[in-house]
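> 3D model of this:
(chains A and B)
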Amino acid sequence: MRRASVLALAGAIAVALESSLARDVPFLPVAPDLALVLAVYLGLHEHSVGGAIGAFLLGYLIDVTTGPAPGLNCLTMTLVFGVIYLLSRRLWMENPASNVAAVALGEVVKVAVAVLYFAGLYRHEVPWLRVGRVLGLEALLAMVCAPFVFGLIDAQLSALGAGKRRPRAAAAE
Amino acid sequence: MISFLRRNSVLIVTGVLLLVSGSLLLANARGPRRVDPLGSTLLETLAPLDRGLGAMRNAVSRVWSNYVDLVGAREEAAWLRKRLREVDQRRESTTDLERENARLQALLDLRDRMPGQGVAARVTSAETKGLFHSATLGKGTRDGIAPGQAVISADGVVGQVFQASPSAARVLLLGDPSSGIDAIDVRTRARGIVEGSPDEGCRLKYVKRGDEIHVGDELVTSGLDGTFPKGVPLGTITAIVPGERGLFRSAEVKPAVDFSKVEEVLVVATAPTDLPPEAPRARAAKPPGPARGAADEAPGPAAVAPSVGAADAAPSAGEH
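Okay, the predicted model is just below:
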């Protein structure tokens, strides 16, 4: 329960920062995709139905607060969770470098969903250059932020005695 | 079957959620109407949080903007202060030059009206607060200044030269107790001697008891003492000394010249004569009252000092 509370709080803060505060920092061209970082964290460390629902709710929260198309972020975050979950079940991804790589992969998934959305469902001419620039910058910032976000969540979980849950594959070893 | 579901529950739930997400996305992509069953409820639930975040965001934004503005304002203020100092200095300098120009112009006018020619000189120092009042001029015998010569300014009588060296001269100011100049009341033509006083101001003495003098009357030089031209303002009567007995009356006089502020003077080379009618102050106070006989106003010896060139009239730059 404490673990779920910490993650829920982290999700709320991530969405709040992404939708509000970070956009007002003058020297940041875009807000770092903190929700995606959190979805990756869930995919890496929450190998449970709760993790999947958490990722979905995180996406839905973004859709409700800032998303232009309901379902887009739900789909993205759930897909990111699923991909990272499957990957982390087969690969050992417990170091910062692999965490950053996982975030990068999550960004690739997000870009893929965005491209599909714009290509298939968007009814206007797509500003690809702008889409690419924004997504690229978001990905870059997310990768920079990822180690700090992961560290903060782990620190909070440790402080509350709800330490990091070992992935099932690693635990099986 | 159950164990399969349990083993792959995460993937199954993820798949279901992906389907839900996809359906939601498709439903919203097809029509203009937003299909979002829980959206409005969640939005309402999150509204207070959003307002709080908005307030926080505004506060952060304000603090940031203020900080940035402050940094810019500080630099701008420093630049503006520097600029203001420069402009102030320039304005001060211009104002000083204008004032000096006006004073020199007045002195030049006065010299032009003088029967002879005088020497314009700058006052380099003046002692007006002690018991003895004197001033030092930046020109001396080399410029034609000699002891005994009258010193006047555009406002009136300043004093008399009592010592001179080749390049400097000392002036006994009108306010000094040992100074005495023959004076005449412009309005009543009453005559007396204006003397300095250890107090501030001067005193008019030796006015015949029968002569009429009043507070506010202006006094000018009579020209009879052989030093000052006639009609140069001396001062204004501020009070009549009461209760005096004997042949004469006295009065308090405020000098026409503020000795502590005089900067340029004209040294009248020698013998006095009438100042033309345009003389400062005296002109404005042309006698409305009973005039005395012409003999009373007769000028003294009309000798004129050795003339000094016009170029010498203004103080030289070296004296600034």
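> for the residue of chain A found nearest chain B, what are its contacts?
Proximity to chain B, evaluated over chain A using Cβ to the nearest Cβ, is greatest for residue A:71 at 3.1 Å. The C-beta positions use only the backbone N, C-alpha and C, and glycine is treated the same way. Each residue near residue A:71 by Cβ atoms under 8 Å, 6 or more residues apart in numbering or on different chains is listed here: A:63, B:21-28.
> which of those residues count as buried?
Buried members of the contacts of residue A:71, counted by 16 or more other Cβ atoms under 10 Å in any protein chain shown: A:63, B:21-22, B:24-25, B:27-28.
> now the strands: where do they sit in chain A?
Assigned by DSSP state E, the strands in chain A number zero.
> quick revisit: nearest to residue B:150, of the buried ones among the contacts of residue A:71?
Nearest to residue B:150 among the buried ones among the contacts of residue A:71: residue A:63, at 101.8 Å, using Cβ to Cβ.
> Quick check, pLDDT for the closest one.
Looking at residue A:63, its pLDDT reads 80.
> Likewise for residue B:181?
The model reports residue B:181 with a pLDDT of 90.
> May I have the beta-bridge partners of it?
Assessed by DSSP bridges, residue B:181 has beta-bridge partners residue B:194.
> Give the burial count for it, as a bare number.
Using other Cβ atoms under 10 Å in any protein chain shown, residue B:181 has 23 neighbouring residues.
> what does residue B:226 give?
Counted with other Cβ under 10 Å, residue B:226 comes out at 15.
> And residue A:31, by the same measure?
22.
> how close does it get to residue B:74?
According to Cβ to Cβ, to the nearest Å, residue A:31 stands 30 Å off from residue B:74.
> ok, and the closest non-adjacent residue to the residue nearest to the spatial centre of chain A?
Nearest residue to the geometric centre of chain A (Cα atoms, centre = their mean): residue A:36, 1.6 Å. Leaving aside its sequence neighbours, residue A:36 sits nearest to residue A:106 (Cβ to Cβ, 6 or more residues apart in numbering or on different chains; 5.3 Å).
> isn't that neighbour right up against residue A:80?
Yes: if you go by Cβ atoms under 8 Å, residue A:106 and residue A:80 touch, sitting 4.3 Å apart.
> With just CA atoms, put the helix or strand that contains residue B:219 into CSV.
Per DSSP states H and E: residue B:219 is located in strand B:218-221. Only the C-alpha atoms of strand B:218-221 are listed here, as CSV (Å, rounded to 0.1, in the frame of the first residue of the first chain):
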residue,chain,number,x,y,z
GLU,B,218,18.1,103.4,-1.3
LEU,B,219,21.5,104.9,-0.9
VAL,B,220,24.1,105.5,-3.6
THR,B,221,27.5,107.0,-3.7
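> just checking, what packs against it?
For strand B:218-221, the packing partners by 3 or more Cβ pairs under 8 Å, 6 or more residues apart in numbering or on different chains; DSSP states H and E come out as strand B:180-185, strand B:233-240.
> Export those strands to CSV and append columns for distance to residue B:211.
What follows is those, written out as CSV (distance: least, Cβ to Cβ, whole Å):
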stretch, distance to residue B:211
strand B:180-185, 8
strand B:233-240, 12
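> Of all the ones you listed, which one is nearest residue B:162?
strand B:180-185 (12.6 Å).
> What helices and strands are in contact with the closest one?
For strand B:180-185, where contacts count as 3+ Cβ pairs under 8 Å, 6+ apart, the packed elements are strand B:191-196, strand B:218-221, strand B:233-240.
> Pretty sure residue B:236 sits against residue B:214.
No: at 10.6 Å, residue B:236 does not count as touching residue B:214 under the criterion of Cβ under 8 Å.
> Return the distance of the residue of chain A closest to chain B relative to residue A:62.
Distance from residue A:71 to residue A:62, by Cβ to Cβ: 11 Å.
> and stretch B:148-160, how far apart are its ends?
By Cα to Cα, to the nearest Å, the extent of stretch B:148-160 from end to end equals 6 Å.
> Do I have it right that residue B:173 meets residue B:128?
Yes: look at residue B:173 against residue B:128 with Cβ under 8 Å: they come within range, at 6.7 Å.
> quick one: average confidence on the longest helix along chain B?
Ranked by residue count under DSSP state H, the longest helix found in chain B is helix B:39-113. Averaged across helix B:39-113, the pLDDT comes to 80.
> helices or strands up against it?
Using 3+ Cβ pairs under 8 Å, 6+ apart: helix B:39-113 touches helix A:2-19, helix A:49-65, strand B:118-127, strand B:264-268.
> which of those is buried the deepest?
Mean neighbour count (mean count of other Cβ atoms under 10 Å in any protein chain shown) peaks for strand B:264-268 among those, with a mean of 26.
> And stretch B:77-88, how far out from the chain middle?
21 Å (Cα atoms, centre = their mean, to the nearest Å).
> who touches it?
Under Cβ under 8 Å, 6+ apart, the answer for stretch B:77-88 is an empty list.
> The same query, at a cut-off of 10 Å, please.
Here stretch B:77-88 makes contact (Cβ atoms under 10 Å, 6 or more residues apart in numbering or on different chains) with B:70, B:73.
> before we move on, back to that, which stretch among the helices and strands packed on strand B:180-185 comes nearest residue B:106?
Per Cβ to Cβ, nearest to residue B:106 of the helices and strands packed on strand B:180-185: strand B:233-240, 12.7 Å.
> Just the buried residues of the closest one, please?
Buried residues in strand B:233-240 (16+ other Cβ under 10 Å): B:233-237, B:240.
> mind checking how far the closest residue to chain A within the stretch 101-250 of chain B is from residue B:153?
Nearest residue of the stretch 101-250 of chain B to chain A (Cβ to the nearest Cβ) works out as residue B:101 at 55.0 Å. Separation of residue B:101 from residue B:153 (Cβ to Cβ) stands at 15 Å.
> Give me the more crowded residue out of those two.
residue B:153 (26 against 11).
> Report whether the expected contact of that one with residue B:103 is present.
Yes: between residue B:153 and residue B:103 there is a contact at 8.2 Å, judged by Cβ atoms under 10 Å.
> Find the residues that touch each one of these two.
What both residue B:153 and residue B:103 touch, as defined by Cβ under 10 Å, 6+ apart, is the set B:262-264.
> Residue B:118: which of those residues is nearest?
Among these, and counting by Cβ to Cβ, the member closest to residue B:118 is residue B:264, at 11.5 Å.
> isn't that closest one right next to residue B:118, touching?
No: checked against Cβ under 10 Å, the pair residue B:264 and residue B:118 is beyond contact range at 11.5 Å.
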